[in-house]
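Chemist: No sequence on hand, only this structure:
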């Protein structure tokens, strides 16, 4: 039997692996081709040499290319998987089609504009190339079982479809596709929608809205509603009120719900259940790997047999049309009849024209900028002083935000380009439920630095931010030129700080709940009230500190305390792995600083790259309590180890 020769464009690293900067979908696709009896993975292309070499070694690929065009020219491929970011989908897919491949499997979303999405499909159709997009949830058991229940008449005739998710473009493309799936891929007739850019951010370098609504009419009379960042799409009088549900199918005699928040993956209510909710066992909620593998096995079989694959491009195009039609409805402030007759992305056009703005935060100081990047699957908000100067990344402590560096940044901005991100759960960054440990925060920071294209910047962190910076330096050894750690949580054995670490998981959770209650009480007050509390607690701080400190307490998300029962990685495991010059700034334990002189000395003994400066009289917030000494130590260290051009 002749096997289809397969090439991957865009290897990446597996999601969650050290050094990963994205989803690493090429690795998931590899599993699909290995599972297919009709395929042989023979080549891969990636501009990152290290990722490419690791990928080829892991998956037994012989042909390794830094330029995908060279791969297309030399390898005589039958199938190509395109696993790069959406802005590259159209040029790469079109190049592959023109190179003579038989099938292309591309990641979603399709493209940043409606013109590019149509163009890919058109060129592949002209050349007889089978084109599919990875809306793999059509193979998921919760969704297939929901479709089977619908087709069996369990809820009568389908009347309405609903979806709830984070955004219309990246996640919404899945839910729009599922709506078509449930509705037998009937054509849509019109869309009316609205979006709000505030709170929006970039995912794979494409901006997505902060909130959105899309109302759809299909030609067979079924109607649909997609809500992003909303809650309680269809509030009713029973126990489901206020719950988020991924998909809801409403019929003349009942309802099916898929992905109930905090509940089952699938449940149904109708005549056969006595009009009571009945859970349906479907196994894992989102078997992501298995469904992607199934999608690839299906497309290979379709190519072999000549049938249409389940994830055919025409189906992806109809879901994508709803995304851009919703944006267009918001732009024109009216209903949009289909087919959609535009070329651009109305959302991006409105952003470019200043008609909508993603910013709902306070203005940054004059001359500074602020923005968002998508890194490690979350939005990270940041402030930046700018200028053609060496970059210097500052990571704040727990319950602070990026602006809490304001006094130090005002002094240092003359020599450095200060970049001050909000950590997850803090400021205006995303606040997912999990991920509040040093390893994940370090990955956030590393991918943030990579997303901004910073080459070996200096980095400084305070408290939690110091732990994050140290962990990032240890786990990503080429990331920073040098680092500065302001009183990191490096505890002495037997200290009050260490006692908290020694608590049982139940005791730590209880203490976290108490801390959460305190922070929520503080955050519910006005900024002026919070600032007054800060004045009373820290009368020695400069006046400029209190505004950002108070605003940060209002912005703190409760999820930031979701470390749960997990123990912190001990500092002795981190210190030996740091390979760049490091300044450890410590205060006075009598004033409630964390790191003692003994611990600092031990750290310096373990790693000769660590220099220690102690500022007597300073507590945990060294820079706020001994500002002049802090600035003197920082600037002297940077002068020795970072220089004027940012090179260590």
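Modeler: Yep, that arrived. These figures come from a predicted structure and were not determined experimentally. Residues are numbered from 1 along each chain as shown.

Chemist: Name the surrounding residues that touch the helix or strand that contains residue 123.
Modeler: According to DSSP states H and E, residue 123 maps onto helix 114-126. The contact list for helix 114-126 (Cβ atoms under 8 Å, 6 or more residues apart in numbering) reads 89-90, 93-94, 97-98, 104, 106, 110-111, 129-131, 313-314, 317, 320-321, 324, 340, 342-345. No exception for glycine: its C-beta is placed from N, CA and C like everyone else's.

Chemist: and what of stretch 606-613?
Modeler: So stretch 606-613 is contacted by 572, 575-576, 578-586, 600-601, 603-604, 633, 637 (Cβ under 8 Å, 6+ apart).

Chemist: mind showing which ranges of the stretch 251-400 of the chain have poor pLDDT?
Modeler: Within the stretch 251-400 of the chain, the segments meeting pLDDT under 70 span 354, 357-362.

Chemist: wait, the chain
Modeler: Checking the chain against pLDDT under 70 turns up 1, 15-23, 230-243, 354, 357-362, 493-517, 519-521, 523-524, 563-567, 643-648.

Chemist: any idea which residue sits dead centre in it?
Modeler: Central residue of the chain (Cα atoms, centre = their mean): residue 377, 1.5 Å from the mean position.

Chemist: now that residue: how far from residue 49?
Modeler: Look at residue 377 and residue 49: by Cβ to Cβ, to the nearest Å, they are 25 Å apart.

Chemist: For the stretch 251-400 of the chain, just list every one of the strands.
Modeler: Along the stretch 251-400 of the chain, counting by DSSP state E, counting those that start in this stretch, strands occupy 255-260, 266-269, 278-279, 336-337, 369-375, 378-384, 391-395.

Chemist: Quick check: can you name the pairing partners of the second one and their directions?
Modeler: Think strand 266-269. Its sheet considered, strand 266-269 pairs with strand 255-260 (antiparallel), strand 278-279 (antiparallel) by DSSP bridges.

Chemist: Same question for the last one.
Modeler: Note on strand 391-395: by DSSP bridges, its sheet partners are strand 417-421 (parallel), strand 458-462 (parallel).

Chemist: Determine the set of other helices and strands touching whichever helix or strand comes after it.
Modeler: Scanning forward in sequence from strand 391-395 by DSSP H and E, the next helix or strand is helix 406-412. Counting contacts by 3 or more Cβ pairs under 8 Å, 6 or more residues apart in numbering; DSSP states H and E, helix 406-412 is packed against strand 391-395, strand 417-421, helix 622-625, helix 627-641.

Chemist: Present these as JSON lines; the columns should include mean neighbour count and distance to residue 248.
Modeler: Formatted as JSON lines, the helices and strands packed on helix 406-412 follow (neighbours: other Cβ atoms under 10 Å; distance: least, Cβ to Cβ, whole Å):
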{"stretch": "strand 391-395", "mean neighbour count": "27", "distance to residue 248": "41"}
{"stretch": "strand 417-421", "mean neighbour count": "25", "distance to residue 248": "36"}
{"stretch": "helix 622-625", "mean neighbour count": "23", "distance to residue 248": "50"}
{"stretch": "helix 627-641", "mean neighbour count": "17", "distance to residue 248": "54"}
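
Chemist: still on that earlier bit, buried residues in the helix holding residue 123?
Modeler: 114, 116-121, 123-124 (16 or more other Cβ atoms under 10 Å).

Chemist: ok, so of those residues, who is nearest residue 2?
Modeler: Taking Cβ to Cβ as the measure, residue 2 lies nearest residue 124 of the buried residues of helix 114-126, at 22.5 Å.

Chemist: how far away is the closest one from residue 39?
Modeler: Counting by Cβ to Cβ, the gap from residue 124 to residue 39 is 19 Å.

Chemist: again with residue 587
Modeler: From residue 587 to residue 39 the distance is 60 Å (Cβ to Cβ).

Chemist: higher neighbour count, those two?
Modeler: Taking other Cβ atoms under 10 Å, residue 587 and residue 39 do not tie; residue 587 has more neighbours (25 against 22).
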